[in-house]
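Novice: this one's sequence-less:
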């Protein structure tokens, strides 16, 4: 069964979204990001003002008349939270080909959608490959497993490493001579290391056990 919709009424949120992904053999996706940099609230005000004055204007026209050209020429793309969620929930991903923050590899962690997608074109060149993985449970199991292992093995995606980067940056900044509650900060960091690190380890151990039991149950059906 195919369940794809672009209607706002079909929006899924909260735990229902996770259930939906977990129940899906394959999901579509792409990288997350934008090619426009909105630097501050003044740019937002200009965009809103132009929209109000020109209600029929399209996105390109609004951007051209509201933002500096230098802020519309770069591409800011990265792996998206939805890709990470699908990886953890063992749903095979059929994604628009990209670098995905140099974490995922096409044909190993996901099935790429290749072709010409510029200027409104929708010329997919590997339809047969996509059909094959949609109809092959063995390919799905292998790809989903590889993708999940890739995500879980990438330390910089873990929340504890994210916090440690913040702590390190703060300490480096504090050593420049700006004393911002260094004693309180040191206590907070020590408390974090004492309490949270064991909890994160336990969380991933439990998560892996639950996932194993689900896979075993599915195979025994």
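Specialist: Thanks, I have it. Since the model is a prediction, treat every value here as computed from it, not as a measurement. Residues are numbered from 1 along each chain as shown.

Novice: skipping its backbone neighbours, what lies nearest the spatially most central residue of the chain in space?
Specialist: Against the mean C-alpha coordinate of the chain, by C-alpha atoms, centre = their mean, the closest residue is residue 80 at 1.6 Å. The shortest distance from residue 80 to any residue other than its chain neighbours is 3.2 Å, reached at residue 32 (C-beta to C-beta, 6 or more residues apart in numbering). Every C-beta, even on glycine, is put in place using the N, C-alpha and C of the backbone.

Novice: this protein - how does it break down into domains?
Specialist: As given by automatic domain parsing, the domain ranges for the chain are 15-35+75-154, 41-71, 158-221.

Novice: straight-line length of the first one, end to end?
Specialist: For domain 15-35+75-154, the separation between the terminal residues is 25 Å (C-alpha to C-alpha, to the nearest Å).

Novice: re earlier: who touches the residue nearest to the centre of the chain in this structure?
Specialist: 29, 30, 31, 32 (C-beta atoms under 8 Å, 6 or more residues apart in numbering).

Novice: again, 10 Å this time
Specialist: 29, 30, 31, 32, 33, 86, 95, 100, 101 (C-beta atoms under 10 Å, 6 or more residues apart in numbering).

Novice: all strands for the protein, in order.
Specialist: 26-29, 32-34, 76-78, 92-96, 111-113, 115-116, 123-124 (DSSP state E).

Novice: now those as a markdown table including mean neighbour count?
Specialist: Output for the strands of the chain, formatted as a markdown table (neighbours: other C-beta atoms under 10 Å):
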| stretch | mean neighbour count |
| --- | --- |
| strand 26-29 | 18 |
| strand 32-34 | 13 |
| strand 76-78 | 14 |
| strand 92-96 | 21 |
| strand 111-113 | 21 |
| strand 115-116 | 12 |
| strand 123-124 | 12 |
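
Novice: how about these, which one is nearest residue 171?
Specialist: Closest to residue 171 of these, according to C-beta to C-beta: strand 76-78, at 25.9 Å.

Novice: who touches the closest one?
Specialist: If you take C-beta under 10 Å, 6+ apart as the criterion, strand 76-78 is touched by 30-37, 98-103.

Novice: again, 6 Å this time
Specialist: Applying C-beta atoms under 6 Å, 6 or more residues apart in numbering, the external contacts of strand 76-78 come out as 31, 32, 33, 34, 101.

Novice: and if you look at stretch 50-60?
Specialist: 62, 65, 66.

Novice: could those residues be laid out in JSON lines, adding neighbour count?
Specialist: Formatted as JSON lines, these follow (neighbours: other C-beta under 10 Å):
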{"residue": "62", "neighbour count": "16"}
{"residue": "65", "neighbour count": "14"}
{"residue": "66", "neighbour count": "20"}
